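Trainee: only geometry, no sequence info:
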Ligand SMILES: *[C@@H]1O[C@H](CO)[C@@H](O)[C@H](O)[C@H]1NC(C)=O
C-alpha cells in the first residue's frame, strides 16, 4: 500500500516535471521533448494502418473509437486513446504520429514521426502473414521509405536529427502467442514455449540491430502483458475456469525475463543505444488483481459484446450487451485494454522511460 502510494506520487511528480519541461520547450509549436515518436508493432499500438489492408483484423467501425476525438473509429483497438497516444501527449506533442498508410502521412505531417504498426503483427513474419497484416520486416521497409520522404521534406540535416533523436516504440509478441503459437499445432508441436520464446527474441534482437543501423538510438519495447488474463484467453484456454490461465502467464514471465537479458546484451554491444524494456506485465496484472484500488470494477469481462471473446469484427455495433460506459472496465474488448487502463499503463511507461528522454 505504502509502495503503491509512493509510486503514484512519484508518477505525479514526474508527470509535472515533464509538463514543466514541455512548457519550456514550447508546446505551442507542437514541439515535444524529443523531435518525434516512431511506432512499430501490433494492435496495441496500431493507429489505423490495417484500415488500408485486406485483413479482417481491423477496428475502423463502431463501437471502436466511441470515446476518441469526434467519437469516431480510427482503427485503434480501443474505445479511446492507446497508451502510446497518452505517451505522445506526455512528451508534449499536439498531434499523434500518423498511421503510415493513411492519407495524413504526407508532407509536414511526417516530421514528428509516424506509426507503422499493424494489428496481428508480431516478431515472426509468419504471424503477420497468417492475418494479412504488415510484418515487422515490412514495417522496417516502410520506415526506410519514410526516411527518404522526410529527407525530401525537411532536408538531410533536420531529418538526421529526427532519426537520431526520436523515440522508437515497439510492441509485439502477444499475437505470436495468442493468435499463432497457442492455436497452431504446427508451431506448438515443433517448439516448447521456451524454444518458441528464443525464436521470437532472435527476431527482436535483429529488429533492434536493423533499427540501430538505420539511425535509431532511443528504443522502448514493451514486455508481454499477462496473456493468461486477457478475457479471450480465459475463455479459450481457461478450461471453464474464470481466472487467469496460469500457463500463459508463466510463458509471459519467462519471455519477459529473457527479453530483459536480450536488451542488456544489445546495450552492451551498442554503447550509444538507449534501450528500455517497458514492463506492462506488472501494472496490468495489478489492475486485474486489484481493480478497485484504481477505480475499476470489472477486470474479467471486457466492455464490448459479452466481453468474453469479441475483438475486431465480432466487436461491432450490433452487440446489444456492450457496456454503456467503459471507464470502470480494464478491458475494452477481449484482447485490448480500455482507454482508462491505457492511461494507467502510460503513467507507468513515463516513469520507466525517463532514461530515453535524458
Ligand atoms: C463514465 O463514467 C465516469 C465515471 O463514473 C464518468 O466520469 C464519465 O463521465 C462517464 N462517461 C460517459 C460517457 O457517460
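Mentor: Right, received. Where do you want to start? Note that the coordinates shown come from a computational prediction; the quantities given were computed from them, not determined experimentally.
Trainee: now do the contacts for residue 88.
Mentor: Residue 88 sits next to 32, 37, 96-97 when contact means Cβ atoms under 8 Å, 6 or more residues apart in numbering. Placement of C-beta: from N, CA and C, glycine included.
Trainee: and the strands in the stretch 1-150 of the chain, which stretches?
Mentor: Taking DSSP state E, counting those that start in this stretch as the test, the strands found in the stretch 1-150 of the chain are 37-41.
Trainee: give me the low-pLDDT residue ranges for it?
Mentor: For the stretch 1-150 of the chain, the stretches with pLDDT under 70 are 1-31.
Trainee: could you redo the last one with a cut-off of 80?
Mentor: 1-32 (pLDDT under 80).
Trainee: could you pull out the helices for it?
Mentor: 2-25, 83-90, 125-130, 136-154 (DSSP state H, counting those that start in this stretch).
Trainee: the third one - contacts with which helices or strands?
Mentor: Same thing as helix 125-130. Packed against helix 125-130 by the contact rule (3 or more Cβ pairs under 8 Å, 6 or more residues apart in numbering; DSSP states H and E) you find helix 136-154, helix 174-178.
Trainee: about what we covered before: by neighbour count, which of the contacts of residue 88 wins?
Mentor: Among those, the one with the most neighbours (other Cβ atoms under 10 Å) is residue 97, at 27 neighbours.
Trainee: now for the residue nearest to that one when sequence neighbours are not counted, how many residues are close by?
Mentor: In this structure, residue 97 finds its nearest non-sequential neighbour in residue 113, 3.8 Å apart by Cβ to Cβ, 6 or more residues apart in numbering. Using other Cβ under 10 Å, residue 113 has 26 neighbouring residues.
Trainee: state the distance from residue 113 to residue 166.
Mentor: Distance check for residue 113 against residue 166: by Cβ to Cβ, to the nearest Å, it reads 6 Å.
Trainee: any common contacting residues for the two?
Mentor: Common neighbours of residue 113 and residue 166 (Cβ under 8 Å, 6+ apart) are 36-38.
Trainee: would CSV of the residues you listed with distance to residue 312 be doable?
Mentor: Output for the shared contacts of residue 113 and residue 166, formatted as CSV (distance: Cβ to Cβ, whole Å):
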residue, distance to residue 312
36, 29
37, 25
38, 25
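Trainee: was I right about residue 234 contacting residue 308?
Mentor: Yes - counting by Cβ atoms under 8 Å, residue 234 touches residue 308, with 7.5 Å between them.
Trainee: phi, psi for residue 242 please.
Mentor: For residue 242, the backbone dihedrals are phi -100, psi 0 (criterion: degrees, to the nearest 10).
Trainee: can you check the one 5 residues further on too?
Mentor: Backbone dihedrals for residue 247, given as degrees, to the nearest 10, come out at phi -60, psi -40.
Trainee: pretty sure it is touching residue 227, no?
Mentor: No - applying Cβ under 8 Å, one finds residue 247 not in contact with residue 227, separated by 9.6 Å.
Trainee: more neighbours: which of those two?
Mentor: residue 227 (26 against 14).
Trainee: quick one: contacts for the more buried one?
Mentor: 174, 177-178, 233, 245, 248-249, 251-252.
Trainee: one more: residue 304?
Mentor: 63, 310-311, 315, 319, 322-323, 332-334.
Trainee: dump the residue contacts of residue 230.
Mentor: 174, 178, 331, 334-335.
Trainee: and for the closest residue to residue 163 other than its chain neighbours, the neighbour number?
Mentor: Once flanking residues are discounted, residue 163 sits nearest to residue 215: 3.7 Å by Cβ to Cβ, 6+ apart. By other Cβ under 10 Å, 16 other residues sit near residue 215.
Trainee: same deal with residue 33?
Mentor: Using other Cβ under 10 Å, residue 33 has 19 neighbouring residues.
Trainee: tell me the spacing between it and residue 350.
Mentor: Applying Cβ to Cβ, the value for residue 33 to residue 350 is 11 Å.
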